[in-house]
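**Q** Structure for this input, please:
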Amino acid sequence: MTAPCDSFPEGTPEVRAHRFRTRSAGILALLGTVLTILSQFLQQRAGLPRGDPLGAFEHISGRPWFTAAFLGILGMLCWLVAFTAAGRALRDPVSGSVARMAEPLLTVAVVLFTVNYAHDGFSGGTLARQWSTGNIETGTATNDFRVVEVLVGGSSVASQALVGLALAVYALAMLRSGQYSRVLSWTGLVSTVGWFLVGSALFLRLPGVSFELLLPFAGLATVWVLGVGITLVRRGFSDTSPGPSEPRP
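**A** The predicted structure is shown next:
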């Protein structure tokens with residue numbers, strides 16, 4: 001049995017497999033970030049009129065809403081796979097254990113995010129399309145949209161809080177491992193903790209907290225994921241030390 005922190009010789013199957021996993025994790029982190037940014041750009045959710053169904057219909061009708069929602073779902077799934085692989089590649093056993101604790105958190109968060117985005121994207125987009133084509137009366141469309149807002153509102157903010165919490169645990173594991181830049185790791189930790197706290201405050205309906213407060217933390221966390229992806233891709237061409245959770249002879 002090889003010690004967890006030992007390196008394997010160049011060209012061995014273990015090294016090739018480890019580098020493939022590391023590069024794949026980095027590529028998926030980068031791809032997920034691109035898809036997430038593209039989804040947000042296409043939807044422009046910050047400009048979505050809240051509490052105004054007709055204004056929301058006009059906003060949605062002028063955008064590729066279904067495509068954007070699907071891209072957002074794919075982006076989060078890429079992050080899920082990327083961070084699972086990155087956490088298992090941490091060489092420090094304690095840091096690897098911390099990262100494994102985040103796996104169920106991120107899985108639940110992404111599942112909740114997927115359900116919310118699918119329901120909001122498909123139902124909201126369908127109502128907007130029916131209203132814009134005259135296939136549904138304005139009063140009926142307005143009432144149905146308010147029902148959709150109530151249904152997705154709780155799952156939306158809960159998923160934001162859980163995504164922030166799970167990524168914060170990963171950021172802590174990466175900071176402790178010493179395998180990532182401390183500036184990058186601290187950026188990730190601060191931004192994701194802020195993401196979690198603001199998301200939690202939104203769910204608890206605390207006064208003075210709005211969705212706009214979440215955007216700076218989520219944006220900074222996205223930059224952190226981009227940095228993690230770049231680091232993983234670069235390490236995928238040179239690293240020879242599989243993490244303690246990766247298969248060994």
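**Q** going forward, measure contacts between C-alpha atoms and count neighbours the same way
**A** Fine.
**Q** okay, and the helix or strand of this structure with the least pLDDT?
**A** Least confident helix or strand, the chain: helix 53-61 with a mean of 80, by mean pLDDT, DSSP states H and E.
**Q** Which strands or helices does whichever helix or strand comes after it pack on?
**A** Note on helix 53-61: by DSSP states H and E, the next helix or strand toward the C-terminus is helix 65-88. Where contact means 3 or more C-alpha pairs under 8 Å, 6 or more residues apart in numbering; DSSP states H and E, helix 65-88 is packed against helix 13-43, helix 93-132, helix 138-177.
**Q** Nearest to V183, out of those helices?
**A** helix 138-177 (9.1 Å; C-alpha to C-alpha).
**Q** who does that closest one touch, helix- and strand-wise?
**A** On a contact count with 3+ C-alpha pairs under 8 Å, 6+ apart, helix 138-177 meets helix 53-61, helix 65-88, helix 93-132, helix 182-203.
**Q** and the angle from it to helix 65-88?
**A** 20 degrees (axes from the mean of the first three to the mean of the last three C-alpha atoms, to 10 degrees).
**Q** and helix 138-177, which residues are buried?
**A** Neighbour counts over helix 138-177 (16 or more other C-alpha atoms under 10 Å) mark 141-142, 145, 148-149, 152, 155-177 as buried.
**Q** got TSV for the helices and strands packed on helix 138-177, with mean neighbour count and distance to R45 too?
**A** Listed next are the helices and strands packed on helix 138-177 as TSV, based on neighbours: other C-alpha atoms under 10 Å; distance: least, C-alpha to C-alpha, whole Å:
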stretch	mean neighbour count	distance to R45
helix 53-61	20	9
helix 65-88	23	10
helix 93-132	20	11
helix 182-203	22	16
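**Q** what residues are up against F57?
**A** F57 is in contact with L127, A128, R129, W131, S132, counting by C-alpha atoms under 8 Å, 6 or more residues apart in numbering.
**Q** what's the helix or strand for L206?
**A** If you go by DSSP H and E, L206 is not part of any helix or strand.
**Q** Pull the number of nearby residues for it.
**A** Neighbourhood size, L206 [other C-alpha atoms under 10 Å]: 11.
**Q** And it, how close does it get to F237?
**A** Remark: distance between L206 and F237 (C-alpha to C-alpha, to the nearest Å) = 47 Å.
**Q** now swap in A46 and tell me
**A** Taking C-alpha to C-alpha, one finds A46 at 39 Å from F237.
**Q** Next: R16.
**A** Distance from R16 to F237, counting by C-alpha to C-alpha: 9 Å.
**Q** Show me the common contact partners of these two, please.
**A** When C-alpha under 8 Å, 6+ apart defines a contact, no residue borders R16 and F237 alike.
**Q** Stretch 97-116 - what's its average pLDDT?
**A** Averaged across stretch 97-116, pLDDT comes to 94.
**Q** sorry, that was for stretch 145-157
**A** Taken as a whole, stretch 145-157 has a mean pLDDT of 77.
**Q** can you check stretch 192-202 too?
**A** Taken as a whole, stretch 192-202 has an average pLDDT of 95.
**Q** so how far is that stretch from its chain's centroid?
**A** Stretch 192-202 sits 14 Å away from the centroid of its parent chain (C-alpha atoms, centre = their mean, to the nearest Å).
**Q** Then stretch 177-196?
**A** 15 Å.
**Q** and what of stretch 218-226?
**A** 9 Å.
**Q** Tell me the buried residues in that stretch?
**A** Applying 16+ other C-alpha under 10 Å to stretch 218-226 flags A218, L220, A221, T222, V223, W224, V225, L226 as buried.
**Q** pLDDT score assigned to the first one?
**A** Per-residue pLDDT puts A218 at 94.
**Q** Now do the contacts for it.
**A** With C-alpha under 8 Å, 6+ apart, A218 has these contacts: S191, T192, W195.
**Q** That'll do, ta.
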